[in-house]
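# give me a model of this one.
(chains A and B)
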2 protein chains.
Amino acid sequence: MIRRLAVIGLGLLGGSVAKAARAREVAREIVAIGRDTSRLEPARRDGTVDRITTDIAAGVEGADVVVLGATVDAIERQLEIVARSVEADALVTDVGSTKSGIVGIAERLAAVRPFSFVGSHPMAGSEKNGYAVARADLFHGATVIVTPTDHTPPALVKGAGAFWEALGAGRVVHLDPRTHDRAVAAISHLPHVAAFALVDAVARFEPGAFDVAARGFKDTTRIAASDPEVWRTILLSNRPALLDSLATFREALDALERLIAASDAAGLDAAIARIKAQREALR
Amino acid sequence: MIRRLAVIGLGLLGGSVAKAARAREVAREIVAIGRDTSRLEPARRDGTVDRITTDIAAGVEGADVVVLGATVDAIERQLEIVARSVEADALVTDVGSTKSGIVGIAERLAAVRPFSFVGSHPMAGSEKNGYAVARADLFHGATVIVTPTDHTPPALVKGAGAFWEALGAGRVVHLDPRTHDRAVAAISHLPHVAAFALVDAVARFEPGAFDVAARGFKDTTRIAASDPEVWRTILLSNRPALLDSLATFREALDALERLIAASDAAGLDAAIARIKAQREALR
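Residues are numbered from 1 along each chain as shown, chains lettered A, B, ... in the order given. The predicted structure is shown next:
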């Protein structure tokens, strides 16, 4: 049982951390921290959090677990205040979608004044954003990636995993921050860019086609309705890995286009069969 | 009420035409035609069709509606036999995913011996294939595109629309074959190629990433599990429009990549906001 849980940023992810912690009685007291009191008020009114504040230093004081729940660039800014305000043995983690930057900043800060940080990335989300869509069961059965480095104490990694499991996670996976960033570039950031480009291509090529779009197109481009601010931040925060994955995507696209241009039926069959098998292994 | 409905090819679409016609009592007698009797037998056993044959000429004889339900290249081959065997006033239509080739062949054949063809493309389907996944409600609420040309009698267009509505279609849209092919290139064939390339890119870039893929990736790449033979045929049958749409997709991708490479936050915000609005208009 956590005595005091502090959550910074009550959007979809931070809000869901608070709601899950309340619903599962994981924490006795929950403190929400944000820039704007009016955006925190709904969580106090509905009983999800006990206390709200706009002061990060005051909000994390005495907390035994602190979750940075905002966007990657906000987390990177907030870490400095957290690092000098939090108890040295409190578990500090986050929900940021890219990890090299956040983990690097946390380790530089910890070298000055030790505090107990390990990065997390719950693989749960939605194209919608904000506390209004936060859900107590968002992490239910989800995979959470925890991103220790060589400097992270094993007990801390274990503590973060136990925290996410207490919130309902189905599986906790450990990846170093760089591998994490390449992995999410491949299976999250690149697909967003591709979905954005698909919608844009239809609008440029044959806008009337939107009118006859069926389930396939809607599923493939659902994530193209994602929030601009959230996704601009994520894409730019993972720029090197994302640009690398885009180059690989182009190679894959070129290979398929060459088979189509050459009417290479056997080559196309083989390529689609190989890709189908890879995709089916995912289920 | 149709007296005799002949369906050539009992896969997902042809099978669903037969099942919907039986369930909704649209046709008194249903004849299934295919290359392989053993693959037609299940439909006779379960009462979906009354008669099966491998002989197209015999199967379409006396039918007042004929639906070509196979893949595009098979439909193009079968049309010649249908054209010389069918009653001149029987409604002949198809379910092929591309229309310029099929409609062109049908019009050349009709110039020699008149028969009543108009192309159709029900915008319903699945990444799965075969009679086993055919469903009586596959067309329920679906959009069906009917593709008349300047030579198609209006009564024929109306008859085809009424047929699809009788099978449950929610909406019948008319597009000329060329516009149809550009539209489906944009909202179906291009997204398949992009989904294939995405799965392939992950396998090339960071194969371990499949292990942490969440709902976003799964939705975006669901159609990458499509049947190789079906999709090779579709992609190659719509080669010119598909290659054009791929060029436009590349332009859209390039534009986004330039914004990311330049860390252009304002430009990326504007692009994502514009695309998000286009995608949301689809719902």
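# now the helix or strand in which A:Ile75 is found: buried residues?
Per DSSP states H and E: A:Ile75 is located in helix A:72-85. By 16 or more other CB atoms under 10 Å in any protein chain shown, the buried positions in helix A:72-85 come out as A:Val72, A:Asp73, A:Ala74, A:Ile75, A:Glu76, A:Gln78, A:Leu79, A:Ile81, A:Val82, A:Ala83, A:Ser85. All C-beta atoms are positioned from the backbone trio N, CA, C, and that covers glycine.
# and chain B, is that helix touching that?
No - interface with chain B: helix A:72-85 contributes nothing (CB under 8 Å from any CB of the partner chain), its closest point being 9.6 Å away.
# got the contact list for that helix?
Judged by CB atoms under 8 Å, 6 or more residues apart in numbering or on different chains, the contacts made with helix A:72-85 from elsewhere in the structure are A:8-9, A:56-58, A:60-61, A:66, A:68, A:70, A:92, A:94, A:96-98, A:101-102, A:105-106, A:109-110, A:112-113, A:115, A:117, A:233-234, A:237.
# hmm, 7 Å instead?
By CB atoms under 7 Å, 6 or more residues apart in numbering or on different chains, the surrounding residues in contact with helix A:72-85 are A:8-9, A:56-57, A:60-61, A:66, A:68, A:70, A:92, A:94, A:96-98, A:101-102, A:105-106, A:109-110, A:113, A:115, A:233-234, A:237.
# of the residues you listed, which belong to strands?
With strands defined by DSSP state E, the entries of the contacts of helix A:72-85 inside them are A:Ile8, A:Val66, A:Leu68, A:Val92, A:Asp94.
# residues near the closest residue to the third one other than its chain neighbours, how many?
It refers to A:Leu68. Across the structure, with CB to CB, 6 or more residues apart in numbering or on different chains as the measure, the residue nearest A:Leu68 apart from its sequence neighbours is A:Asp94 (3.8 Å). Residues contacting A:Asp94 under the criterion other CB atoms under 10 Å in any protein chain shown number 30.
# in this structure A:Asp94 contacts A:Phe117, no?
No - under the criterion of CB atoms under 7 Å, A:Asp94 makes no contact with A:Phe117, lying 8.1 Å away.
# near chain B, which residues of the stretch 51-200 of chain A?
Applying CB under 7 Å from any CB of the partner chain, one finds that the stretch 51-200 of chain A approaches chain B through A:123-124, A:143, A:145, A:173, A:182-183, A:186-188, A:190-191, A:193-200.
# would you list every one of the helices in the stretch 1-150 of chain A?
For the stretch 1-150 of chain A, applying DSSP state H, counting those that start in this stretch gives helices covering A:12-23, A:37-45, A:56-60, A:72-85, A:100-112.
# save those helices as CSV, and put in mean pLDDT too.
As requested, these are arranged in CSV below (pLDDT from 0 to 100):
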stretch, mean pLDDT
helix A:12-23, 98
helix A:37-45, 96
helix A:56-60, 98
helix A:72-85, 96
helix A:100-112, 97
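# reformat those as JSON lines; add distance to A:Gly267.
Formatted as JSON lines, the helices of the stretch 1-150 of chain A follow (distance: least, CB to CB, whole Å):
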{"stretch": "helix A:12-23", "distance to A:Gly267": "43"}
{"stretch": "helix A:37-45", "distance to A:Gly267": "54"}
{"stretch": "helix A:56-60", "distance to A:Gly267": "57"}
{"stretch": "helix A:72-85", "distance to A:Gly267": "41"}
{"stretch": "helix A:100-112", "distance to A:Gly267": "38"}
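# out of these, deepest packed?
helix A:12-23 (a mean of 25; mean count of other CB atoms under 10 Å in any protein chain shown).
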